[in-house]
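how would this look folded up:
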Amino acid sequence: MTETMRAIEITKAGGPEVLQPTDRPMPQPAHGQVVIKVAYAGVNRPDALQRAGMYAPPPTASDLPGLEASGVVSAVGEGVSGLAVGDKVCALLPGGGYAEYVATPAAHCLPVPKGMDMKEAACLPETFFTVWSNVFMRGGLKAGERFLVHGGSSGIGTTAIQLAREFGARVFATAGTDSKCDACAKLGAEAAINYRDSDFVDVLKAEGGADLILDMVGGDYIPRNLQALAEDGRLVQIAFLSGPKVEVNFATLMTRRLTMTGSTLRPQSDLAKAKIAEELREKVWPLLEAGKIAPVMDSEYAFEDASEAHARMETSGHIGKIVLKVDANA
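Numbering: from 1, shown residues only. As a prediction, this is how the structure comes out:
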């Protein structure tokens, strides 16, 4: 094995053009870690935020972008059981996915689902960890409840729609074009709301209100989300694309017994992420292997074209996931 590898680094804070190929030392597995020879790396909003200088990686993480990948285990550290060199996995990463090799805790790896290729598998960890932990573990979504997800055509949205559908919820989604709304409807949303033409508050109120809302928009959506909730409804916040600050009348929470919560995935402890992985393996991976749910793919870019992949994502024209092909032979 060579001592260096190809990687894509952030040369300085800025636009997609600051992503440039480089050579980096090969990672070595620490205790409890494995090293993965990366086949594909997923491209996500946090990667773009990090590139823009707005989302610093944790002190112990690689400075390279990339929070999910698929590939083959190439090295196993001390204290690891259940994984061996040669195993095909997909993994949630602390960073470093835009590289030929990456180290990550073994407990954050999941097997590539049977019948699924590496390209699809690379799209699973970041969105499925995020959706499962926020919609089901934190948000407590139950069968029969009304669930609204904003950004329904995003990687998070397409995952949330399918999982909520499979677990028996009534699903509603917002998106910005008719074609995106059509995609949401095909995945199982009973109402896909074009937010440029209709008010999601009115739509949900007419149905009795949302029991749970998953939001990554923030800004002026926050008070509108509270209006759209049913009595005892829950709002789960996972991002603030329109900003985190807004004026809210919190008397609404008391009088209607609402709950506001939220989380970010990357800063959580290794143990917390391992718990999410355990639940996914038990409750979601069988659905993937049965073909009942699947990642929605938008586009694939060559490893060296990471800047183009970021530019594509930032147009917000994509539906589903964008990936980088890291291993040309994958």
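
flag every buried residue along stretch 116-130.
Across stretch 116-130, burial judged by 16 or more other CB atoms under 10 Å covers 116, 118-130. C-beta coordinates here come from the backbone N, C-alpha and C atoms, glycine included.

got TSV for those, with secondary structure too?
Converted to TSV, those look like this (DSSP: H, G, I helix; E, B strand; the rest coil):
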residue	secondary structure
Met116	coil
Met118	helix
Lys119	helix
Glu120	helix
Ala121	helix
Ala122	coil
Cys123	coil
Leu124	coil
Pro125	helix
Glu126	helix
Thr127	helix
Phe128	helix
Phe129	helix
Thr130	helix
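
poorly predicted segments of this protein, please.
By pLDDT under 70, the low-scoring segments of the chain are 1-2.

from the centroid of it, which residue is nearest?
Taking CA atoms, centre = their mean as the criterion, Thr127 is the residue nearest the geometric centre of the chain, at 2.4 Å.

how about the contacts made by that residue?
Going by CB atoms under 8 Å, 6 or more residues apart in numbering, Thr127 touches 44, 155-156, 158-159, 295, 321.

one more pass at 7 Å, please.
Contact analysis of Thr127 by CB atoms under 7 Å, 6 or more residues apart in numbering lists 155-156, 159.

and for Val246?
Contacts of Val246 were listed using CB under 7 Å, 6+ apart, and they are 219-220, 222-223.

by neighbour count, which of these wins?
If you count neighbours using other CB atoms under 10 Å, the busiest of those is Ile222, which has 21 neighbours.

what sits closest to it if chain neighbours are left out?
In space, Ile222 comes closest to Val246 once its chain neighbours are excluded; the distance is 5.0 Å by CB to CB, 6 or more residues apart in numbering.

same question, Pro267
In space, and not counting its chain neighbours, Pro267 is closest to Pro58: 6.2 Å by CB to CB, 6+ apart.

try Ile238
Nearest to Ile238 is Met216, by CB to CB, 6+ apart, at 5.1 Å.

so the one you found makes contact with His150?
Yes. Taking contact to mean CB atoms under 7 Å, the distance of 6.3 Å between Met216 and His150 places them in contact.

the two: who's more crowded?
When neighbours are counted by other CB under 10 Å, Met216 and His150 differ, and His150 comes out ahead with 26 against 22.

ok, now which ones touch that one?
174, 215-217, 221.
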